[in-house]
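S.K.: build the 3D model from these lines:
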Amino acid sequence: MDEAEALDALANALTNLGDNPFDLSLHAEHIRIAQATGMQDQVEAALEMLTSYWAAGDYAWIPLVTSRAASEELEGLEQLQEIQSLFEKAERDYLSVNLLQKHLEFLVDRHTRLGEAGMKPQDPSQPFSTSWTRQAIANAVTKGEGHVTESHRLWDIRRDWELELLMEAPGDVKAQLVSEVDTMLLKRLQQPHSNHDETLSTYSTFTTTYKPPDEYEAILVHASKSKSQAVKAYERRERQERSLAQAGFSLEAYAYYISGERRSKTPDAFILGALYERAVAEADKRRFANEANAEEALRTFWLGYMDFLRVNDADVEVQLQVFERATRSIPGSGEFWARYMRFLERMELDLSSIEAVYESAMKFTPLQKDVDQLVPVILARASYEKRQADSHAEIEADERYLPAMQILFDGMRMVRKASKAGDARLRLEKFFSQVCFNLSNLPENAVDEWKDAAKHYKNSYLVWTSYTDALIRTQHYDQARSVFKDVSLKNIDWPEAIWDAWLSFEQVYGTAVQMDECLDRIERARGQVNAKRIKEEKAAYEAMQVIAEAEQQAAVSAVASSASMTQSVPMEVDTSSSSALEGGAKRKAEDDIEPEAKKPKTEQKPLPLKRDRENCTVFVADLPTATSEDDLRALFKDCGSVREIKITALHNSTVATVEFAERDSVPAALTKDKKRVHDQEIAVHLGWKSTLYVTNFPEKADDTFIRDLFGKYGVIFDVRWPSKKFKSTRRFCYVQYTAPSAANSALVLHGFQLDGHSLSVLISNPERKKERTDADANDRELYVAGLSKFVTQQELSKLFSTYGPVKDIRMILDDRGQSKGYAFVEFEQANDAVSALAANNYELKNRRIAVTLADTRNKAKNPASRQVEARNKSVRVKNLPPNTQEGLLQQALEKIAPVQRVEVFAEKREAVAELENAAEVGKLLLHTEPVVFNGHTLRFSEESLERAAASRATGQPSATGGLFVPRTAASRPRAGLGSKKSGAVVNPVTASASTSTSAAPTSSSAGPKKGQDDFRKMLGA
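M.R.: Got it, this is the predicted structure:
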């Protein structure tokens, strides 16, 4: 842009900032325009304006400090002190290793220059004297020493400067410097950081140079022991740090890292404090870049930081500094200001400090316009004033409670001015009313305030019930009845609450005539409300069906138009295929979609669904604790056939899902909203689009991992895991929220990098035929053995990508990060995996590798021996809770022993778990600690003994085909000696028995059984 346009743009930016100085996006625009002009003075002015209103990161401070340092002659101590002050101010905002490194380089450089010019102050207390510089350098390094992967950049500067100073020191001060450097090095060895070996090497050289030779060995042994705990602390976090870097230092990755550190029994304050500092700095950087959800994440990190310091009894000064810094970072957070005032109150500081904080919060204009943030600030200040009044009983009640009431009164006006919707929870009004009723001569003030509130919150049941309650408490019965009559037919958000309150009132204070009038009016109002609701719900459901059908057609069209898509499986595990094949033959992959010549695209129809969980389910909330399935079946019995009911007790409520067999049952079910179960009103709403299909997460991820990761986006109702009974590579789950909005919010995790995996998060839709990431995974996955321990993942990728696109490579590594000798390579397409079998016997790193399909490793040559082997390494698990998920049970058992697969027998409340080997069975059976799963203590017994006992009890031989064999396999006819290929179904017990000749025939028409001698005769043996 030319100069005139640049000046106009700057003028407009400054005008906008004058009107909204706390709008961060306007500051970012101002800086961008100033940079585009190329005018350095305007850039510096824009950066200064930003840092005067907001805390800023190194994206603002480094250019500002650099510009200021370059624009002045920095030879005078006064100018140097100004730059030093600017660095200190910048470092109070956020942790930045880059900024601290700039600061250290500045201190070292200026100290050296002053010394060379003979201008270095001799007074130790003077800025830039040697003593002052040493302390300034130490302070800067201390701010970043908790950054375990980057702190060495700061510490190395200090180390080099101190050692150089020691080398040049005169003899009279050298002994003292040796002691100080020794202490510095030992302290560093005890801190977790990434280059411990280099630090120990430095200490070894220092000891050799400055300590007596006969003490060297003892000193180094002591130093090695000192660093051992720090080294272990770093190694425990090294993988997490790598994951954080691989995720691009995303805010979700920081949240996951922090939650893991806080779950520790003894959280490391040194590590966790620095981790919070890093998280808030990254969140601020992303907020400045206008990234979605960054502001909310920044507030969450700050509040978590404050809670951590409070719970761990951190030094008061440290906590105070964090609160003071946060005032510049998150001034729009009402919860932050409320905690700040409570902190000052706990520290027993005077009223002026709390008043000052309250006034600072109220000066932030955006906070005054945000009701959700404004109310907590007012409540915190009013609560403080009430507690002060409660503690001064010697003062007249009206006088001592007046400050609290005035704050509440002004706050209510402020809230209603900020938003027409106001505060739906009426928190300030409730507080004000309670204070009034606690004082003998002020209840009428509460009535007047509720009357005024009812004018603003016209449709709120809460304000009308509170208003009538105040009238009843002050014995204005006729006025209360008049209000009930007037509001009973109005458009209220919860009319049933008004009707119940009116009935209760008339039962206590009304006559028979008044009671009948009340019932008649309520009946009339109920009819109007039900008619309106049915109309609205029908319209909403029809709109939902239109959207679902549109999505279905779009998905079908996408399948039809893609010539390369030869397979398509529904997302739900139990979705049926489009047709059954004759003769029980297994359908080939090529038969999934017929050639276009046989079946035109326009004739394709959606596959029939065996189960349409998402579109046939409603959520039922606010249930009484004692609610049973029978209660819900009775409630919904007239709506349609109920397929499944699941009741879950959440943190502070009980909710349920009711799944119907047909979609058409849902509208009728929605009319049950506001009905009562055990005299408690319930809420019923759609469960549509509240379930996520999640896949491609790390293998170590379990139920707790998924709930922690997704829990921050809403209340999780359930997490469903697939069974790995017949396919061990399945790695997906369904996360079901209590509201569609929560599921929609969690979609931000799609593509999130986690331990080298790109997470896949989609709304679950059984009508959309898409290729699951784990579908046919065994057909696309290769097992590669015989690898050299020096082979890297990149080298494997280079080798196998020549055969086709590689989706994932899982290197199995040892504790040192080297290959254990085998890996799994998953291709995008199964035919590419088959082609890659040609790499078998390929020489890689001087080793011949073996390449096979992954699933062939689990196929026994002899099915019977496979069953015997499986029983020998299996345990029976008893006393399972109802509705046990096989996937969750397997996760629980894997914490004790390696589990290959689990099969649950729901009717018996038992399961069979196949472990890695027989030795693991022994360990599990000898496990002394009780294993508790979902509140039930599990019992274990040896599966082979269970089978033997069952055989003795029934008098029949043990079947070999029962464990982990598909239910259809046992009844499949098999050709062979003594049987016809087209014969009848063989009795599974008889067919799988050993070669005994004494087994009874299964039917009179089957003829006598042939023994071994008969078979020998047939063969002419």
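
S.K.: rest of the way, CA atoms for contacts and neighbours
M.R.: Noted.

S.K.: after the host helix or strand of residue 435, which helix or strand is next?
M.R.: Assigned by DSSP states H and E, residue 435 falls within helix 427-438. Going down the chain from helix 427-438, the next helix or strand is helix 443-456, by DSSP H and E.

S.K.: what helices or strands is that following helix leaning on?
M.R.: If you count contacts as 3 or more CA pairs under 8 Å, 6 or more residues apart in numbering; DSSP states H and E, helix 443-456 packs onto helix 427-438, helix 461-473.

S.K.: how far does it sit from the chain's center?
M.R.: With CA atoms, centre = their mean, to the nearest Å as the basis, helix 443-456 stands 43 Å off its chain's centre.

S.K.: what's the angle from it to helix 427-438?
M.R.: Counting by axes from the mean of the first three to the mean of the last three CA atoms, to 10 degrees, helix 443-456 points 160 degrees away from the direction of helix 427-438.

S.K.: contacts for helix 443-456 next, please.
M.R.: When contacts are defined by CA atoms under 8 Å, 6 or more residues apart in numbering, helix 443-456 is touched by residues 416, 420, 429, 432-434, 436-437, 463-464, 466-467, 470-471, 474.

S.K.: pretty sure residue 342 sits against residue 380.
M.R.: Yes: with contact defined as CA atoms under 8 Å, residue 342 and residue 380 form a contacting pair (7.3 Å).

S.K.: among those two, which residue is more densely surrounded?
M.R.: Remark: of residue 342 and residue 380, residue 380 carries more neighbours, 20 against 17, as counted by other CA atoms under 10 Å.

S.K.: check the gap between the more buried one and residue 308 for me.
M.R.: 20 Å (CA to CA, to the nearest Å).

S.K.: which parts of the stretch 651-800 of the chain are helices?
M.R.: Taking DSSP state H, counting those that start in this stretch, the helices of the stretch 651-800 of the chain run over residues 665-670, 703-711, 740-746, 777-780, 793-800.

S.K.: give the rounded mean pLDDT of the shortest one.
M.R.: Per-residue pLDDT over helix 777-780 has a mean of 71.

S.K.: what does the last one give?
M.R.: Averaged across helix 793-800, the pLDDT comes to 90.

S.K.: I'd like the next helix or strand past that helix.
M.R.: Using DSSP H and E, the helix or strand that follows helix 793-800 in sequence is strand 806-813.

S.K.: returning to what we had before: out of the helices of the stretch 651-800 of the chain, which is closest to residue 174?
M.R.: Within the helices of the stretch 651-800 of the chain, the stretch nearest residue 174 is helix 793-800; the backing value is 51.6 Å (CA to CA).

S.K.: okay, now the unreliable bits of the stretch 901-1021 of the chain?
M.R.: Along the stretch 901-1021 of the chain, the parts satisfying pLDDT under 70 run over 943-1021.

S.K.: let's see it at 90
M.R.: The stretch 901-1021 of the chain contains residues with pLDDT under 90 at 901-909, 911-1021.

S.K.: quickly find the element holding residue 308.
M.R.: Per DSSP H and E: residue 308 is located in helix 294-311.

S.K.: CA atoms of that helix as PDB?
M.R.: Output in PDB follows, covering the C-alpha atoms of helix 294-311 (Å, rounded to 0.1, in the frame of the first residue of the first chain):
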ATOM      1  CA  ALA A 294      -7.800 -20.800  22.600                       C
ATOM      2  CA  GLU A 295      -9.300 -18.300  25.000                       C
ATOM      3  CA  GLU A 296     -11.200 -21.000  26.900                       C
ATOM      4  CA  ALA A 297      -8.100 -23.200  27.000                       C
ATOM      5  CA  LEU A 298      -6.100 -20.300  28.300                       C
ATOM      6  CA  ARG A 299      -8.600 -19.700  31.200                       C
ATOM      7  CA  THR A 300      -8.700 -23.400  32.000                       C
ATOM      8  CA  PHE A 301      -4.900 -23.600  32.200                       C
ATOM      9  CA  TRP A 302      -4.600 -20.500  34.500                       C
ATOM     10  CA  LEU A 303      -7.400 -21.700  36.800                       C
ATOM     11  CA  GLY A 304      -5.800 -25.200  37.000                       C
ATOM     12  CA  TYR A 305      -2.500 -23.600  37.800                       C
ATOM     13  CA  MET A 306      -4.000 -21.600  40.600                       C
ATOM     14  CA  ASP A 307      -5.800 -24.700  42.000                       C
ATOM     15  CA  PHE A 308      -2.600 -26.700  41.900                       C
ATOM     16  CA  LEU A 309      -0.700 -24.000  43.800                       C
ATOM     17  CA  ARG A 310      -3.500 -23.700  46.400                       C
ATOM     18  CA  VAL A 311      -3.900 -27.500  46.900                       C
END
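
S.K.: which elements pack onto it?
M.R.: With contacts defined as 3+ CA pairs under 8 Å, 6+ apart, the packing partners of helix 294-311 are helix 269-288, helix 316-329.

S.K.: a markdown table for these, including mean neighbour count, distance to residue 78 and mean pLDDT?
M.R.: Shown next, in a markdown table, are these (neighbours: other CA atoms under 10 Å; distance: least, CA to CA, whole Å; pLDDT from 0 to 100):
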| stretch | mean neighbour count | distance to residue 78 | mean pLDDT |
| --- | --- | --- | --- |
| helix 269-288 | 21 | 31 | 96 |
| helix 316-329 | 16 | 27 | 96 |
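
S.K.: what's the closest of those to residue 755?
M.R.: helix 269-288 (18.2 Å).

S.K.: ok and that closest one relative to helix 316-329, angle-wise?
M.R.: Going by the same axes, to 10 degrees, helix 269-288 makes 10 degrees with helix 316-329.

S.K.: pull the CA atoms of helix 269-288 into CSV?
M.R.: Output of helix 269-288 as CSV, limited to C-alpha atoms (Å, rounded to 0.1, in the frame of the first residue of the first chain):
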residue,chain,number,x,y,z
ALA,A,269,5.8,-29.0,41.5
PHE,A,270,9.0,-28.2,39.7
ILE,A,271,7.8,-30.0,36.5
LEU,A,272,4.1,-29.2,36.7
GLY,A,273,4.6,-25.5,37.5
ALA,A,274,6.7,-25.1,34.4
LEU,A,275,4.3,-27.2,32.3
TYR,A,276,1.4,-24.8,33.3
GLU,A,277,3.6,-21.9,32.3
ARG,A,278,4.4,-23.5,28.9
ALA,A,279,0.7,-24.2,28.4
VAL,A,280,-0.6,-20.7,29.1
ALA,A,281,2.1,-19.3,26.9
GLU,A,282,1.1,-21.5,24.0
ALA,A,283,-2.6,-20.8,24.5
ASP,A,284,-1.9,-17.1,24.5
LYS,A,285,0.0,-17.4,21.2
ARG,A,286,-2.9,-19.3,19.6
ARG,A,287,-5.4,-16.8,21.0
PHE,A,288,-3.5,-13.9,19.5
